[in-house]
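*Asks:* Coordinates only, no sequence provided:
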């Protein structure tokens, strides 16, 4: 019953999301929504690393960038289709995160955060200075749009923002589903065990290093695919998009929404993409309000908006349980 | 079952464990005792892969385990608990114990993505087994509690329940009775005896509570300053002059 109710709510929300382009026809809004979808994928992939396995990465934008560059360069130089390059981008970013993961995941806490941040800076330097390949600060222009999608019976060209919106929605829903299945599997159990208590996890037979690397690789690979989508949406990429500031932006999204939940990162991604735009009404106070709002949320909702709501509900359940438990103990 | 020969490790100039031989026979309850700092927990860490010995080797079920990773040794059936209370604080008791089944889950990635037959079978198996272990350790009424919200004594039991879920054939308990009141200690003795009689698990435990040690051990090994100073049945060990000296000092023996 509870599960059915949940599935029902999710289906209703998805149907509602299908109508968004009809309600907001302005390009400006649609752009915000497409970016929200990209950030939802990035936030989910980062939540897998930070929220579920407890390894703080400050270099996530590097994998986003690697995916974007791999996909863009393969399309521009070799004429490969987006439908092929998105997979290569995901694989390449996943492979790099695997190699970096093996090296850095033996570090913990602040050391890991700093090291991944430096990795992010390093990748940014490569984008900027390997001019022969990346075109340096000039960026890569002229990235082709995705080829028309041949669905059984009809063909859809990916032209308007609404097309990208539906494509991004499908992408984000698939990633959310993937992460949902992963965190509810033996893999997710192992990751949570490592986050909660790595020593104890190892003592009951969990190969902590292998699972941390696995989460890091999958997270990096998904970020790479998001980068590919971004490149073929904006049609121009340059190093300024893939900075450590962008990594921190993604971290803020998952902290805001609640990083150990599935819906939290999505909520954080959408809200923190849309909010700064709405705050434009406040003029020069925009960033001040944004900053204050973040500080307030993080102080009063340390588990994130969604995480705090969940724990509030669970806490009430715990309270009623504790009465029940004690009466059972004494009887 | 477990056979260690000449295990040694030193930290800087301190010889924490020095040339210790240890044999654990299948089906016995063996206690490891000794004054604080004698090297008991260090020996546990050496046996379970958390530390690598400088010299010596250990065999478990005929397989060498020195130099292996903790998770590999645990998967072989040698599972330990910790001296400090080590639990998954933010997970419910039920979920914690379910995590303990890790080494017995093998659903592949395809099966995980579609929630296929293996995943569903695993879930049913784990639900049933978790319930059984919680019932066995008396934690069933607490199954929906977060680990951190349990009373201390129950947290100690949760650590044992978690270790049991990992399906040990040899269970290493590091001071399981620390901080327990007399009633809880009696419950614990009962549980340790049942771990052997019902699950057929061999138990090696470190404990300072002598009443507990004497009442359940088949054999006792005594460590002092990293070396084994005595070994034998409880009554033999209790009378051993070297043991009395280690615990009470030389003067006591002269005075008596």
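*Replies:* Noted; the coordinates are in hand. Quick caveat: nothing in here was measured; it's all calculated off a predicted structure.
*Asks:* doesn't residue B:188 make contact with residue B:215?
*Replies:* No: Residue B:215 is beyond contact range of residue B:188, at 11.1 Å (criterion: CB atoms under 8 Å). Quick note: C-beta positions are derived from backbone N, CA and C, even for glycine.
*Asks:* Show the subsequent helix or strand relative to the helix or strand containing residue B:183.
*Replies:* Residue B:183 belongs to helix B:182-197 when assigned by DSSP states H and E. For helix B:182-197, the succeeding helix or strand toward the C-terminus, using DSSP H and E, is strand B:202-206.
*Asks:* Assign a three-state SS to the closest residue to chain B within the stretch 1-150 of chain A, would you?
*Replies:* Nearest residue of the stretch 1-150 of chain A to chain B: residue A:54, at 10.6 Å (CB to the nearest CB). Three-state call for residue A:54 (DSSP: H, G, I helix; E, B strand; the rest coil): coil.
*Asks:* thinking again about what came up before, look at residue B:215 and residue B:188 and report which has more neighbours.
*Replies:* Between residue B:215 and residue B:188, residue B:188 has the larger neighbour count (other CB atoms under 10 Å in any protein chain shown), namely 23 against 12.
*Asks:* got a list of what that one touches?
*Replies:* Residue B:188 makes contact with B:156-157, B:176-177, B:180, B:212 under the criterion CB atoms under 8 Å, 6 or more residues apart in numbering or on different chains.
*Asks:* Pull the most distant pair out of those.
*Replies:* B:157 and B:212 (14.7 Å; CB to CB).
*Asks:* Specify which residue of those two has the higher count of neighbours.
*Replies:* residue B:157 (26 against 20).
*Asks:* Any figure for the gap between the nearest residue to the more buried one once chain neighbours are set aside and residue A:192?
*Replies:* Using CB to CB, 6 or more residues apart in numbering or on different chains and skipping the chain neighbours, the partner closest in space to residue B:157 is residue B:137 (4.9 Å). Residue B:137 is 21 Å from residue A:192, where distance means CB to CB, to the nearest Å.
*Asks:* swap in residue A:24?
*Replies:* Taking CB to CB, one finds residue A:24 at 38 Å from residue A:192.
*Asks:* Look at these two and report which has more neighbours.
*Replies:* Shown here are residue A:24 and residue A:192; by other CB under 10 Å, residue A:192 has more neighbours (23 against 16).
*Asks:* and the residue of the stretch 1-150 of chain A closest to chain B, what does it touch?
*Replies:* By CB under 8 Å, 6+ apart, the residues touching residue A:54 are A:191, A:194-196.
*Asks:* got it, and residue A:159?
*Replies:* Residue A:159 sits next to residue A:145 when contact means CB under 8 Å, 6+ apart.
*Asks:* Equivalent analysis for residue B:43, please.
*Replies:* Shown in contact with residue B:43 (CB under 8 Å, 6+ apart): B:7, B:17, B:20, B:22, B:32, B:223.
*Asks:* Closest one to residue A:200 out of these, please.
*Replies:* Using CB to CB, residue B:32 is the member of these that sits closest to residue A:200, with 20.9 Å.
*Asks:* Helix, strand, or coil at the closest one?
*Replies:* Going by three-state DSSP: residue B:32 is strand.
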